[in-house]
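Asker: Can you look at this prediction? I've put the sequence above it.
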Amino acid sequence: MTNTTLYVVAENVTKNVSDDGSTNSESKFLDAYDHKTAVIVEHTKEEKSKPRSFLDELKFSYKEWYDRERSPQELVNRRRCWMFLAFAVLITGISLLIASLRKVDETTFGVEYNVHKKQLDDATKSGGLFFGPPGYQFIKFPSTFITVDLNERTCVSRDGLLVIFSVTFQYQIMEENVLPAIQKYRNFEKWANIVEAAGLSAIHHSCGNYFISEFQNKRGEIQKNMEENLRIKLEGDPNNTQREGVYATVVSLQLQNVELPDEYNEAVQAKQSAEEDISLAKNERKQETTKADTERLRAIEEAKKILDTANSEAEVLLTEARLKAEETNFAFEKEAETILDVKTSLDLTTEGVLAYLYNMLLSEVSNLKITTGEPAKLSRKDEL
């Protein structure tokens, strides 16, 4: 007879006793339990009398310990203990399962890291739920574009003046660069700080290539130079293997704003004002020169006009004088011809001709006044 059989017998006895409607059910149950114990003791004595090996001795000791006398309450407590232990094992298993699962988003790169063994996996994962040793974690990097805003920063121009600038640039990390970045910079936060510092250094280097005046008229060229230097700082220089970069890929850069020093702005304004004054003076001088040239040309034209008028009047006067002279000459010629005819026809001498003309003058002028000096000969009667 085995222990299980004895236990079943005891349960049957207990059940039979419990089903009995008598008031002495508890004493009957105890009698049945004592009977079970007696059977177990008898069985144990028989087992002890048999020769056994060490393993059989160990099994027998466990059976003897397990089959020792226990009360019903102890059996209930024992059952509760086993139930609690099973529940604890279940909870522990679920907890270990949860601790062994990690999720990586679609927009994230992750590399598995065993925090207990301090061991880093050599594969980059993305987009999924992954199983690993309990308590492990993922060192994550974003796979999307990362934007850095450098607002109100200062740099030094080529001529040593401070320039206030605002720059925004975008970058990202490729899947093949995640593991080297973790090995060198440990995590995303430290790597991002290094990238930002490298970008600021590239922008400072670009500022030093240009004079302060070129920030106004070469803004596009300066932005392009900043992006080129940023690409060298972040991605590395292909012509120099020692400058390997920081495992980041540049997407774009925008020069948002440039503010020049107040002193420089004031100097520029003063220069512009002076240039405007000089330009105004040149324009005024040009205007005055034009005005003077106009007055000179007007005077020249007026002089030409006066000269032309004078020449015309002189020509008229000369013409009139010439005509008058010709008329006078013609009159004198006619008069001379007449006098000559008179002299010839009257057979007069020269003195007779003069007397003739004297008489003609007296006859034509009604009131003639003559003033002569002494001695004067007024009568020409004898010459006629």
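Answerer: That came through fine.
Asker: Show me what the longest helix anywhere in the chain is packed up against.
Answerer: In the chain, taking DSSP state H as the definition, the longest helix is helix 262-346. Judged by 3 or more CB pairs under 8 Å, 6 or more residues apart in numbering; DSSP states H and E, the packing partners of helix 262-346 are helix 350-364. Yep, even glycine has a C-beta here, placed from its N, CA and C like the rest.
Asker: Mind checking the pLDDT average for the helix it packs on?
Answerer: With pLDDT averaged residue by residue, helix 350-364 scores 74.
Asker: That helix vs helix 262-346, what angle?
Answerer: Interaxial angle of helix 350-364 relative to helix 262-346 (axes from the mean of the first three to the mean of the last three CA atoms, to 10 degrees): 110 degrees.
Asker: Buried residues, helix 350-364. List them.
Answerer: Across helix 350-364, burial judged by 16 or more other CB atoms under 10 Å covers 352, 353, 355, 356, 358.
Asker: Chain neighbours aside, what residue packs nearest to the second one?
Answerer: When you say that, I think you mean residue 353. Spatial nearest neighbour of residue 353, excluding adjacent residues (CB to CB, 6 or more residues apart in numbering): residue 343 at 5.0 Å.
Asker: give the contact list for the one you found.
Answerer: Residues near residue 343 by CB atoms under 8 Å, 6 or more residues apart in numbering: 349, 350, 352, 353.
Asker: Among the residues you listed, pick out the one closest to residue 172, please.
Answerer: residue 353 (138.7 Å; CB to CB).
Asker: For that closest one, which residues are in contact?
Answerer: If you count contacts by CB under 8 Å, 6+ apart, residue 353 has them with 339, 342, 343.
Asker: so how far is residue 313 from the residue nearest to the first one when sequence neighbours are not counted?
Answerer: The one in question is residue 339. Leaving aside its sequence neighbours, residue 339 sits nearest to residue 353 (CB to CB, 6+ apart; 5.9 Å). Using CB to CB, to the nearest Å, we find residue 353 at a distance of 41 Å from residue 313.
Asker: again with residue 151
Answerer: 87 Å.
Asker: my read: residue 174 touches residue 251, true?
Answerer: No. Using CB atoms under 8 Å, residue 174 is not in contact with residue 251; the gap is 11.8 Å.
Asker: Give me the spatial nearest neighbour of residue 153, chain neighbours excluded.
Answerer: Once flanking residues are discounted, residue 153 sits nearest to residue 165: 5.8 Å by CB to CB, 6+ apart.
Asker: What strand or helix carries that neighbour?
Answerer: Using DSSP states H and E, residue 165 sits within strand 162-172.
Asker: what's the domain layout of this structure?
Answerer: As given by automatic domain parsing, the domain ranges for the chain are 3-97, 101-140, 145-260, 348-383.
Asker: Select from those the stretch with the lowest mean pLDDT.
Answerer: Going by mean pLDDT, the lowest-scoring of the domains of the chain is domain 3-97, which has a mean of 55.
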